[in-house]
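Visitor: quick one, what's the 3D model for this:
(chains A and B)
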Amino acid sequence: MSFLHWILFLPPQASTASKWIDQLHYAIITTTMVASTAVALAAVYLFVRYRRRSPDQLSVRVESPPWFEATIITVPLTLFLAWFYVGYVGFVRVRRPPPGAMDVYVMAKQWMWKFSYPEGPNSIGVLRVPARKPVRLLMTSRDVIHSFFVPAFRIKEDLLPGRYTESWFQSDLPGRYELLCAEYCGLQHSLMRGEVEVLEPSEFDRWLASQERGIAERQDMGGPIGPPASDQANLVAEGLRIAGQAGCLECHTVDGSPHIGPTWLGLYHRTELLETGQSVFVDEAYMTKSMMDPMADVVAGFNPVMPTFQGKLTAPETAAIVEYIKSLRSREYQSKPAEGPLYAPIFRTK
Amino acid sequence: MRPSSEPNSPVYHQPNYLGHETSVRSWLLTHDHKRIAIMFLGGVLTAFFAGGVFALVLRIKLLVPGKFFISALAYNRLFTLHGVTMVFLFLVPAVPSVFGNFFLPIMIGAQDVAFPRLNLLSFYLYVTGAAIALFGMIWNGADTGWTFYTPYSTTTPTDIVPVLLGVFLVGFSSIVTGVNFIVTVHTLRAPGMTWMRLPLFVWGSYATAVVQVVATPVLGMTVLLVAVEHAFDFGIFDPARGGDPVLFEHLFWFYSHPAVYIMILPAMGVISEVVACFSRKNPFGYEAIAFSSLGIGFVGFLTWGHHLFVSGQSTFDAGVFGVLSMLVAVFSAIKVFNWVGIMYKGSVSFKTPLAYVFGFLFLFVFGGMTGVALATVLLDVPWHDTYFVVAHFHFIMVGASLMGFLAALHYWFPKMFGRMYPERFGIAAFFLVFLGFLVTFIPQFLLGNAGMPRRYYEYPAHFQPLHVVSTVGSWLLGLGFLLILAYLVWSLRWGEIAGPNPWGSEGFEWRTPSPVGPENYDETPVFTHRPHAYDLVEAAEYRRRELGDERD
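Guide: The predicted model follows:
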């Protein structure tokens, strides 16, 4: 295996997924090389065996027997479906973040990466994560399509403007790994590189603590949101402030009472019934989509009156509102209004 | 006047479609499918050599990780030029518009295609589109890549509208050719040419034509929408203007994935003809080869989503497109095993066209199976948009389609121009091209494994050694193509006179003199069996009687 790893020029296996992705890689590439060489050798053998011995030599008629056709259909079909089965099961695994994963917001723009942590700090170009802990990435782009690619983790996911996409990884191997943009995004596409730094958990906690409010410069690439507020270091508080400024709270309550729009209390991870009769699981992607394209999936019982916030909210602002909504959690939102004054967030407890 | 006394003389046949009229006007306004094919040949070869030069320049830049030779903008424009030229101006029209145009009517015993004027229109649409696209790209070049992904393409400062209009026109050329072929095959088959006697090249071209007619309008529509958004700020694909960028990806690949089959199906038809001719064997598994062409054409419409596995498409959709992609591979496998089977108990002669078939078999199986590997969904995650994908589709597009094109060019050169190419040079050039190809593209698979993304002007230094090997390979490849061009041009004038059937082929097109007469056949032929029936006495007698071929 290590020989195959070396001869295939694979990067180090720095994530938990990379090991089993590489297993499939070895199996498939070996089969491919054997099969294509076998076909070429079969052709060469038949040429040598049945080469023309005199210029006017003709041939006898040979029709392909049904068993031959049946074999060349069933064998590749079985092989390829087996590949697909193994590959798809693995794909579902790399798509589904394990529960308890730590969230990091990733925002890309021409030509840089920005990472924001729910606890407040953000950083540019370098994603710091703790080792041995699953990390979920909630990603969006400010301008064109980019793609988050860490070869050593074998993960890649596009970042789309106006939408959230999701990816996750867990690295057990502290170190620094190349982060590349894999979707062509213009002049400096090839320089849109960054780094993922996997730290020992204790080191990571120290780093996070050192990034208290005010230390990490606010680096909104979308221009000023307004004068810096005192509590801006916390994404949840930031989300509350922006939701107030942008007018969200004129229609959405945070105490569970119905208003023009659905209440935000307990919205996250709720299953909502839509006008169309379908239901939707409320996650980061749905919330973002609802801000950018509100008419797409209107919750049953509400009028389709929400304006789009496409172009009005920047990606970090959207992320902040999403994080704020996520903080508003309650099991009994339907029967009992939340305690405390309107607009007061209920901070999530771990 | 036709010298009917000796139609089968081994001398250069007169009058033929090349020489019976010589004015410039007789070429430019011709309705003869053969002359239109020759003009297309000139067009696609020009595009191929231009695209090749762009590729060589790109490869020279990639010798060095940092800034070198050309600027980042020039690099981005050049890979766009390379992609657009090779895909839309060479690969899509290469086999159908040249060899399909020339041989499809002859193979079914027709005098011309169903709509000769539309055929000429198709050529002029191609030339106009190509001129606009190339002019636009060189003047204020597009830097979007041939995939034109939005919203980058609709916000780029470079001018992409001419390119898109050019692609639109070339697309129409492709549609017109497709309509022409479908109608020709349905209505102009000579007596006795039943569907189950159609040459396999005709089956391949027919399946291609259906795909061209159904898929290409979607491309036309999509590129126009991009042009409209770029030029007039309509919000269609750009979310900042209320559009949806993933919609573009769906629309684009709804054409561009079937387009892969537009590029490969006719080449597969060529392989079927060449392998039967040089094995002097009936096409083993004829029905399987014929119907798998239609199968590929059909299933090819249902696989486009495998380009979007990491684009935010749902996990369920990824599974559906993954399974459907496997079916294409199964149809392809059917063809491959039957081609190999044709040689069984044959009389195999290793000439240049067959050499390209051998190259095709290896490269197509390797390229095809790496495609299946990409469609297993999981492996697409690390490989997507890396050099692995680049190497995979070059194996299919260059390794398979271009090998098919070169096989066709060598196989039919005597029929088209009445002269032979020099066999030794042909074999030498094959080995040069094959070796050059492997040296160029195998390192690119490894680069992809190592994590090198596509379309990178500057790259991390640890990728350099593989890039250097790949660049050296591209020089071998370029040298091989120059050699082919040189000896073919030489053969036009000084090549040995071919005679009507230098290969002793039982393909129906070889029943005409070389070069073909202006009206193909003196009288309407009657077909009584499938092509390549080397075992039939009547076939042998036909050749003796009609062509004076005393070989058997």
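
Visitor: burial measure for residue 294, as a count.
Guide: Defaulting to chain A. 17 (other CB atoms under 10 Å in any protein chain shown). To be clear about C-beta, it is placed using only N, CA and C from the backbone, and glycine gets the same treatment.

Visitor: oops, chain B please
Guide: For B:Leu294, the neighbour count with other CB under 10 Å is 16.

Visitor: contacting residues for A:Val135?
Guide: Residues in contact with A:Val135 (CB atoms under 8 Å, 6 or more residues apart in numbering or on different chains) are A:Ala101, A:Met102, A:Asp103, A:Val104, A:Val129, A:Trp168, A:Phe169, A:Gln170.

Visitor: right, and the helix or strand after whichever helix or strand B:Phe337 is part of?
Guide: For B:Phe337, the host element (DSSP states H and E) is helix B:315-342. Moving toward the C-terminus from helix B:315-342, the next helix or strand (DSSP H and E) is helix B:352-375.

Visitor: average pLDDT for that following helix, rounded please.
Guide: Helix B:352-375 carries an average pLDDT of 92.

Visitor: just how off-centre is it within its chain?
Guide: 14 Å (CA atoms, centre = their mean, to the nearest Å).

Visitor: same deal with stretch A:91-111?
Guide: 4 Å.

Visitor: do the same with stretch B:367-377
Guide: 21 Å.

Visitor: what is the helix holding B:Phe337 packed up against?
Guide: Helix B:315-342 is packed against helix A:16-49, helix A:66-95, helix B:245-279, helix B:286-299, helix B:352-375, with contacts defined by 3 or more CB pairs under 8 Å, 6 or more residues apart in numbering or on different chains; DSSP states H and E.

Visitor: Serialize those to CSV and add fields for distance to B:Ala72.
Guide: Below are these laid out as CSV (distance: least, CB to CB, whole Å):
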stretch, distance to B:Ala72
helix A:16-49, 31
helix A:66-95, 33
helix B:245-279, 23
helix B:286-299, 39
helix B:352-375, 28
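
Visitor: looking at this, A:Glu119 is in a helix?
Guide: No - assessed with DSSP: H, G, I helix; E, B strand; the rest coil, A:Glu119 is coil; it does not lie in a helix.

Visitor: let me see the contact set for A:Ala131.
Guide: A:Ser171, A:Asp172, A:Leu173, A:Pro174, A:Val198, A:Leu199, A:Glu200, A:Pro201, A:Phe204.

Visitor: cool, and A:Gln310?
Guide: A:Gly162, A:Met291, A:Met292, A:Asp293, B:Pro239, B:Ala240, B:Gly242.

Visitor: that one bridge partners, please.
Guide: For A:Gln310, the beta-bridge partners under DSSP bridges are A:Leu313.

Visitor: pLDDT value on it, please?
Guide: For A:Gln310, the model assigns a pLDDT of 79.

Visitor: against B:Gly242, how distant is it?
Guide: Separation of A:Gln310 from B:Gly242 (CB to CB, to the nearest Å): 6 Å.

Visitor: just the contacts of A:Val135 now: which is nearest chain B?
Guide: When the contacts of A:Val135 are compared for distance to chain B (CB to the nearest CB), A:Phe169 wins out at 10.9 Å.

Visitor: correct me, but the closest one touches A:Pro151?
Guide: No - the pair A:Phe169 / A:Pro151 is not scored as a contact, 12.0 Å apart, by CB atoms under 8 Å.

Visitor: and the stretch 101-250 of chain A, which residues reach chain B?
Guide: A:143-145, A:147, A:149, A:151-152, A:154-158, A:160-163, A:165, A:178, A:180-191, A:193 (CB under 8 Å from any CB of the partner chain).

Visitor: what about 7 Å?
Guide: A:144-145, A:147, A:149, A:151, A:154-158, A:160-163, A:165, A:178, A:180, A:182-191 (CB under 7 Å from any CB of the partner chain).

Visitor: pull out the buried residues from the residues you listed.
Guide: A:144-145, A:147, A:149, A:151, A:154-158, A:160-163, A:165, A:178, A:180, A:182-187, A:189-190 (16 or more other CB atoms under 10 Å in any protein chain shown).

Visitor: mind checking which of the residues you listed land in helices?
Guide: If you go by DSSP state H, those have nothing in helices.

Visitor: now, the residues you listed that are in strands?
Guide: The members of those that map onto strands under DSSP state E are A:Ser147, A:Phe149, A:Ile155, A:Lys156, A:Glu157, A:Asp158, A:Thr165, A:Glu178, A:Leu180.

Visitor: need the contact list for the second one.
Guide: Shown here is A:Phe149, whose contacts under the criterion CB atoms under 7 Å, 6 or more residues apart in numbering or on different chains are A:Lys156, A:Leu180, A:Ala182, B:Pro453.

Visitor: can you show me the strands along the stretch 201-350 of chain A?
Guide: Using DSSP state E, counting those that start in this stretch, the strands of the stretch 201-350 of chain A run over A:271-273, A:279-281.

Visitor: dump those into JSON lines; add distance to chain B as well.
Guide: Formatted as JSON lines, the strands of the stretch 201-350 of chain A follow (distance: least, CB to the nearest CB, whole Å):
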{"stretch": "strand A:271-273", "distance to chain B": "17"}
{"stretch": "strand A:279-281", "distance to chain B": "12"}
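
Visitor: save these as a markdown table, and put in mean neighbour count too.
Guide: Output for the strands of the stretch 201-350 of chain A, formatted as a markdown table (neighbours: other CB atoms under 10 Å in any protein chain shown):
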| stretch | mean neighbour count |
| --- | --- |
| strand A:271-273 | 13 |
| strand A:279-281 | 13 |
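
Visitor: tabulate those (a markdown table), appending distance to B:Tyr286 and mean pLDDT.
Guide: Listed next are the strands of the stretch 201-350 of chain A as a markdown table, based on distance: least, CB to CB, whole Å; pLDDT from 0 to 100:
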| stretch | distance to B:Tyr286 | mean pLDDT |
| --- | --- | --- |
| strand A:271-273 | 56 | 82 |
| strand A:279-281 | 52 | 84 |
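
Visitor: tabulate these (CSV), appending distance to B:Tyr459.
Guide: Formatted as CSV, the strands of the stretch 201-350 of chain A follow (distance: least, CB to CB, whole Å):
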stretch, distance to B:Tyr459
strand A:271-273, 46
strand A:279-281, 40
